[in-house]
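Enquirer: Give me the fold of what follows.
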Amino acid sequence: MRRPVIRARSADTDPEAEEFQFELLRRATPTRRATLALSLTDTVLALSRRAIRRALPDASEDEVRLRFVELNYGPELAEGVRRTLAAQRR
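Expert: Here you go, the predicted model:
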């Protein structure tokens, strides 16, 4: 029987290595898959905030957080958060 051609879904991963990774995910328990997903989410969020800090080196931590909200959830929500924070500081 002829083995099917494996095509990588990502440009920087060998197709056989990628297939092995998928097989490991298929065998993982739901708890393990959820743990991996949450870890990946935490990593992506941290990298996003780090990129904002690099782009705005003089920004306060609040400004970085507001920029994050603006980029990911829209300027309207960011403005609402900004107003709420300002009101709380009065």
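Enquirer: elements contacting the one helix or strand Leu85 maps to?
Expert: For Leu85, the element it lies in under DSSP states H and E is helix 75-89. Applying 3 or more CB pairs under 8 Å, 6 or more residues apart in numbering; DSSP states H and E, one finds that helix 75-89 contacts helix 61-73. In short, each C-beta sits where N, CA and C put it, glycine included.
Enquirer: and the most centrally placed residue in the chain, what does it touch?
Expert: With distances taken as CA atoms, centre = their mean, the chain has Val44 as the residue nearest its mean C-alpha position (2.7 Å). The contact partners of Val44, by CB atoms under 8 Å, 6 or more residues apart in numbering, come to none.
Enquirer: From Leu38, how far out is it?
Expert: For Val44, the distance to Leu38 (CB to CB, to the nearest Å) stands at 11 Å.
Enquirer: now do Arg9
Expert: 22 Å.
Enquirer: which parts of the longest helix along the chain are buried?
Expert: In the chain, assigned by DSSP state H, the helix with the most residues is helix 30-55. Across helix 30-55, burial judged by 16 or more other CB atoms under 10 Å covers Ile52.
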